[in-house]
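>>> Fold the following for me, if possible:
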Amino acid sequence: MNKTILHWSYLNFKDVPMDLFLYEDLEEVYLKENYISVIPKWLLNITTLKFIHLAGNNLGELPTDIYMLENLEFLDVSNNELKELPPTLGLLLNLQQLNVSGNQLSELPVELSSLRNLEQLNIAKNRFRRLPVQLSECVRLNELNVSDNEALVHIPERISNLPMLQSLAADRCALVYLPAALSKFMNHVRIFHNTAINYIPMVYEKFYQNFYDNRQRATPISINRKGLFWIRELETNCRLVLPVGTRTVFPVPSLENRVTLYDDCLHAVQTLNRSTPVYENSALHRLLPEPYISSHINNGPIARCTNTTCSRCLYTSYYFMVVKRRGSTSKQLFTCNFCTNRCALLWLGGNEKKYYQLAWRVSDDDDEDPEPEPGK
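Just a heads-up that it's a prediction; the model follows:
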């Protein structure tokens, strides 16, 4: 039979019908909302398939031989019963859209880094606690949805800073801070419904609305303070955790040229990453004198200069400001990161009618929050 698209959804199938073999040039098959529990091996021999929609079935696993579908561009296995994904999924080199939302996944195979043509990835409503930094090798990714992973505390900056990323959704997770290194082409963000967050990096300001304010809601997680860099904002006496990898922050105004040579070296190393993943070079990491240097290389840039005419990548030290909107009823705090004191003053001079700066100090591990007054 000469038919390239089959719509066999909502038909109560318990198995994939073998009638598929009758269609010699089959490219797209819709089998969503059935009761299919297994993808049969014979289906993998239909190598003309480019599009498979199996959402809302009873799949418990994907076959390890799924790589045989060498022309597959679209795979939707959302709302099934998957607990893990086979590493061979990373061999589907033509895959452009992958939807595994609504399953029971807790890890992504690092082999997905080979999916250089992947444009859309939806892993919402699973059980992820972390995302593999190798996902940043999916350089064509433009849509990423990680919402409703209630244990996810951090989005690696290498991922949020992907060069073509335009849409990022991470609502209702357990994020403790928002990644301040954000793709320049980002135009859609759904990330503000994370109740542990108590400040917004200025890079998100154009996406933020006052009704996103979470500060009156209970924080669902406790944050381990050890090993993190904190500052205390002195107007509201609130502690803010800064991006992982931060070692030093400088107030504005401050002396010029305080960002270290170490950061310049990290920036030089990152330029090598355009041709090969430096953070995966085990030989290089063995040569490094201190373990924390490996961590900083792995992290990549943790922010960008808030001065949009600059946007230089920042690593471990930077000039820092906490600001609030003038005349706004919202008490939301915004933060700014700068590569130089000059960039900070230029930004402040151009925005002083809209924002005012707040005082802050570095907060150490023994700097405890005061006990709330009775009845408050």
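
>>> Tell me who's in contact with the residue most central in space within the chain.
Closest to where the C-alpha atoms of the chain average out (C-alpha atoms, centre = their mean) is Ile155, at 3.9 Å. Residues counted as contacts of Ile155 (C-beta atoms under 8 Å, 6 or more residues apart in numbering) are Leu131, Val146, Leu168, Ala170, Leu175, Pro179. Every C-beta, even on glycine, is put in place using the N, C-alpha and C of the backbone.

>>> Could you count how many residues lie near the nearest residue to the last one once chain neighbours are set aside?
Same thing as Pro179. Closest residue to Pro179 apart from its sequence neighbours, by C-beta to C-beta, 6 or more residues apart in numbering: Ser160 at 4.0 Å. When neighbours are defined as other C-beta atoms under 10 Å, Ser160 has 23 of them.

>>> State the distance from Ser160 to Leu141.
11 Å (C-beta to C-beta, to the nearest Å).

>>> Helix, strand or coil: sort out Val269 for me.
Recorded secondary structure, Val269: helix (DSSP: H, G, I helix; E, B strand; the rest coil).

>>> hang on, isn't it packed against Asn298?
No. Contact criterion C-beta atoms under 8 Å: Val269 and Asn298 do not qualify, at 11.0 Å.

>>> between these two, who's got more neighbours?
Val269 (18 against 15).

>>> Model confidence for that one, exactly?
Looking at Val269, its pLDDT reads 79.

>>> repeat for Glu368
According to the predicted model, the pLDDT of Glu368 comes to 69.

>>> now do Leu20
88.

>>> Look up how far Asp65 lies from it.
Distance from Leu20 to Asp65, by C-beta to C-beta: 17 Å.

>>> So these two - more neighbours on which side?
Between Leu20 and Asp65, counted using other C-beta under 10 Å, Leu20 has the larger neighbour count: 17 against 14.

>>> Now do the shared contacts for Ser160 and Leu141.
Contacts common to Ser160 and Leu141, judged by C-beta under 8 Å, 6+ apart, are absent.

>>> Can you pull the poorly scored residue ranges out of the stretch 251-376 of the chain?
Applying pLDDT under 70 to the stretch 251-376 of the chain flags the ranges 273-276, 278-280, 284-285, 290, 365-376.

>>> May I ask you to confirm that Asn99 is in contact with Leu82?
No. Counting by C-beta under 8 Å, Leu82 is not a contact partner of Asn99; they are 11.4 Å apart.

>>> From the contacts of Ile155, which land in strands?
Leu168 (DSSP state E).

>>> neighbouring strands for the top strand by length along the chain, and are they parallel or not?
Assignment by DSSP E gives strand 317-325 as the longest strand of the chain. Under the criterion DSSP bridges, strand 317-325 sits next to strand 248-250 (parallel), strand 334-338 (antiparallel), strand 355-358 (antiparallel) in its sheet.

>>> can you tell me how far Ser101 sits from Val146?
The gap separating Ser101 from Val146 is 9 Å, by C-beta to C-beta.

>>> Which residue comes closest to Leu358 once chain neighbours are left out?
Counting by C-beta to C-beta, 6+ apart, the residue nearest Leu358 is Val322, at 4.5 Å.

>>> is the one you found in a bridge, and if so with what?
Thr335, Leu358.

>>> Contact partners for it?
Counting by C-beta under 8 Å, 6+ apart, Val322 makes contact with Tyr199, Ile231, Glu233, Leu240, Leu333, Phe334, Thr335, Cys336, Gln357, Leu358, Trp360.

>>> Name the residues that touch stretch 233-241?
Outside stretch 233-241, the residues within contact range by C-beta under 8 Å, 6+ apart are 176-177, 198-199, 223, 228-232, 322, 324, 331, 333, 335, 358-361, 363, 367, 369-370.

>>> For the contacts of Val322, which ChimeraX command selects only the ones that are buried?
Per 16 or more other C-beta atoms under 10 Å, the buried members of the contacts of Val322 correspond to this ChimeraX selection:
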select :199,231,233,240,333,334,335,336,357,358,360
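
>>> I'd like the contacts of Val322 laid out as a markdown table, including distance to Met186.
Formatted as a markdown table, those follow (distance: C-beta to C-beta, whole Å):
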| residue | distance to Met186 |
| --- | --- |
| Tyr199 | 19 |
| Ile231 | 25 |
| Glu233 | 26 |
| Leu240 | 22 |
| Leu333 | 21 |
| Phe334 | 17 |
| Thr335 | 17 |
| Cys336 | 17 |
| Gln357 | 25 |
| Leu358 | 26 |
| Trp360 | 27 |
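
>>> With distance to Lys125 as extra columns, can I get the strands paired with strand 317-325 in a markdown table?
Listed next are the strands paired with strand 317-325 as a markdown table, based on distance: least, C-beta to C-beta, whole Å:
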| stretch | distance to Lys125 |
| --- | --- |
| strand 248-250 | 36 |
| strand 334-338 | 30 |
| strand 355-358 | 37 |
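
>>> so which of the ones you listed comes closest to Asn126?
strand 334-338 (29.6 Å; C-beta to C-beta).

>>> ok, residues contacting whichever helix or strand comes after that closest one?
Sequence-wise, the next helix or strand downstream of strand 334-338 (DSSP states H and E) is helix 341-351. The contact list for helix 341-351, computed with C-beta under 8 Å, 6+ apart, reads 250, 252-256, 258, 305-307, 309-310, 312, 319, 321, 336, 338, 355, 357.
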